[in-house]
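Novice: return a 3D structure for these sequence lines:
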Amino acid sequence: MRFDNLYGNVIFDEEEQIYKCWYSPFIVDSSAMGMTMEERNREYEEPENREMGICYATSKDGISWEKPELGLVEYNGSKQNNIVWRGPHGAGIFKDLQEEDPAKRYKMILQGMSVSFSADGIHWDEKTKVNGVDVAGDTHNNAFWAPTLNKYVGITRTWGPDFGREVARIESEDFINWTKEEVVMHGTEKDLQTYAMPVFYFGGVYLGLVAIHQQSSDRVWTELTWSPDTKTWHRIDAGNPLIPCSDKELDYDYGCVYPCAYPVFKDGEIQLYYGGSDWLHFGWRNGSLALATLRQDGFAGYVQLDKNSTGSIVTKSIPYNGETISLTADVEEGGSVTVSVVNDEGEMLGTAAVKNTVTDEGLQIDNNIKTGNIHLVIEIFHAKVYAFNLQ
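Specialist: Numbering: from 1, shown residues only. Next up is the predicted model:
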């Protein structure tokens, strides 16, 4: 068995109060366990009968996981295992909370562009070939309900002559009939290819965790991107990983970091599960389920470009009706964040200064602000601003 890219799909089930993970190792493959570095430097050759399977695990705390004996699939002469399905590759799985049919509560999209449905996430219908899509989908496919579009959106992969692997998008109203694939993202150069991209809705926009496969080093890391509509994507500090590879050879995520679908938002933090590999993408490697965490609203923040000068952000016009203005920021010793409120005419209405790290903390504006449209002028000095909120 070889964990390989893992292709993990993790949720915290609010109804059952438990973490659930569907992951896809190669259940028939050669393992790198116990290999020396000299042995790992041999060229990896996959066996002719290599086979992927979908496995299932649960956890109460997201750290310690249990692999239930499901009794569904025979493997090495026994059904005492946690395999849900033998054969499918690149499966993306999610619990569809807006689905009215209980038999289709859980949905899967997989390589070859097929779909399947399940009432419990364990017992699945036979896969159905989707209509309208012509890609191999040889990646970690994923799909989700897009609330701003009232449609399902699928994220898969295609290939192009100039950039190699490319992120492709499809959409559907019924999860069976899909639009033709459209390329929505590619790497900044052919050496940096977009391998896979789990997407989710957060804070009024869509965020993508894009796995970047560098061809020259054969390593994979995860970067952040965003879109207003799932069609037009904007890289956030391209080249700077959100989840980087370790610098230590043979560390559990030295070679590869493949993001799981999807982040878990729980107890004031963001939990980013990923498949870590201790060696190179095409090499002999061992894999594992790993976890990175972020502070609340901590996906990305603004910092000053010049450490010796104050950085400044001016928001667009915001309707204001007397709400409390709150801020989330990390502030270094001796640093500060100053928030000034101005109206559309540029008149100063009030200001507040923050000199310590805060999380969604209400600002004490030193003047009363009337209702109307306002702009925030946020000045940053030795700090990082993640978010503001009106509540």
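Novice: now the terminal residues of stretch 74-88, how far apart.
Specialist: Terminal residues of stretch 74-88 are spaced 15 Å apart (Cα to Cα, to the nearest Å).
Novice: what ranges do the helices span in this structure?
Specialist: Residue ranges of the helices in the chain, as given by DSSP state H, are 37-40.
Novice: residue 348 versus residue 122, what's the distance?
Specialist: 60 Å (Cβ to Cβ, to the nearest Å). For glycine as for every other residue, the C-beta is placed from the backbone atoms N, C-alpha and C.
Novice: same thing with residue 233?
Specialist: From residue 233 across to residue 348, the span is 37 Å (Cβ to Cβ).
Novice: more crowded one of the two?
Specialist: The residue with more neighbours, out of residue 233 and residue 348 and counting by other Cβ atoms under 10 Å, is residue 233; that gives 21 against 11.
Novice: so what's that one up against?
Specialist: Neighbouring residues of residue 233 by Cβ atoms under 8 Å, 6 or more residues apart in numbering: 167, 184, 185, 208, 225, 226, 227.
Novice: tell me the domain ranges of this structure?
Specialist: In terms of domains, the chain is parsed into 9-295, 311-390 (source: automatic domain parsing).
Novice: could you give the mean pLDDT of the shortest one?
Specialist: The one in question is domain 311-390. When pLDDT is averaged over domain 311-390, the result is 93.
Novice: so what sits opposite residue 93 in the bridge?
Specialist: For residue 93, the beta-bridge partners are residue 108 (DSSP bridges).
Novice: from what I see, it and residue 8 are in contact.
Specialist: No. Here residue 93 does not reach residue 8: they are 9.6 Å apart, not a contact under Cβ atoms under 8 Å.
Novice: pull up the overlap in contacts between these two.
Specialist: Common contacts of residue 93 and residue 8 (Cβ under 8 Å, 6+ apart): 22, 261.
Novice: show me where the stretch 201-350 of the chain has strands.
Specialist: 205-214, 219-227, 234-236, 256-259, 264-266, 269-277, 287-295, 311-314, 318-320, 325-343, 348-354 (DSSP state E, counting those that start in this stretch).
Novice: okay, the angle between the last one and strand 325-343?
Specialist: The reference is to strand 348-354. Taking axes from the mean of the first three to the mean of the last three Cα atoms, to 10 degrees, one finds strand 348-354 and strand 325-343 inclined to each other by 150 degrees.
Novice: in the protein, which helix or strand is least confident?
Specialist: helix 37-40 (a mean of 91; mean pLDDT, DSSP states H and E).
Novice: off-centre distance for that one?
Specialist: Mean-position distance between helix 37-40 and its chain equals 32 Å (Cα atoms, centre = their mean, to the nearest Å).
Novice: now that helix - C-alpha only, PDB.
Specialist: What follows is helix 37-40 as a C-alpha-only set of coordinates in PDB (Å, rounded to 0.1, in the frame of the first residue of the first chain):
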ATOM      1  CA  MET A  37      18.000   7.000   0.900                       C
ATOM      2  CA  GLU A  38      20.100   5.000  -1.600                       C
ATOM      3  CA  GLU A  39      17.100   2.800  -2.300                       C
ATOM      4  CA  ARG A  40      14.800   5.800  -2.700                       C
END
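Novice: what comes up buried for it?
Specialist: Of the residues in helix 37-40, those buried by neighbour count under the rule 16 or more other Cβ atoms under 10 Å are residue 40.
Novice: repeat that for stretch 298-306.
Specialist: Of the residues in stretch 298-306, those scored as buried under the neighbour-count criterion (16+ other Cβ under 10 Å) are 298, 299, 300, 301, 302, 304.
Novice: identify the bridge partners of residue 318.
Specialist: The residues that residue 318 bridges to, once DSSP bridges is applied, are residue 374.
Novice: pretty sure it sits against residue 388.
Specialist: No. Proximity of residue 318 to residue 388 does not meet the contact threshold set by Cβ under 8 Å, at 9.4 Å.
Novice: neighbour count for the two, which is higher?
Specialist: Looking at residue 318 and residue 388 with other Cβ under 10 Å, you find the greater number of neighbours at residue 388, namely 20 against 15.
Novice: next up, the contacts around the more buried one.
Specialist: Going by Cβ under 8 Å, 6+ apart, residue 388 touches 315, 325, 326, 327, 328, 339, 376, 378.
Novice: just give the number of residues close to the closest residue to residue 287 other than its chain neighbours.
Specialist: Leaving aside its chain neighbours, residue 287 sits nearest to residue 3 (2.8 Å; criterion: Cβ to Cβ, 6 or more residues apart in numbering). By the criterion of other Cβ under 10 Å, residue 3 has 23 neighbours.
Novice: check the one 3 residues further on too.
Specialist: When neighbours are defined as other Cβ under 10 Å, residue 6 has 25 of them.
Novice: please report how far the closest residue to it other than its chain neighbours lies from residue 210.
Specialist: Closest residue in space to residue 6, ignoring its immediate chain neighbours: residue 275 at 2.7 Å, by Cβ to Cβ, 6+ apart. As defined by Cβ to Cβ, residue 275 lies at a distance of 15 Å from residue 210.
Novice: now swap in residue 79 and tell me
Specialist: With distances taken as Cβ to Cβ, residue 79 is found 38 Å from residue 210.
Novice: quick one: which of the two has more around it?
Specialist: Comparing residue 79 with residue 210 by other Cβ under 10 Å, the one with more neighbours is residue 210, at 26 against 12.
Novice: so what's the more buried one bridging to?
Specialist: Beta bridges link residue 210 to residue 223, judged by DSSP bridges.
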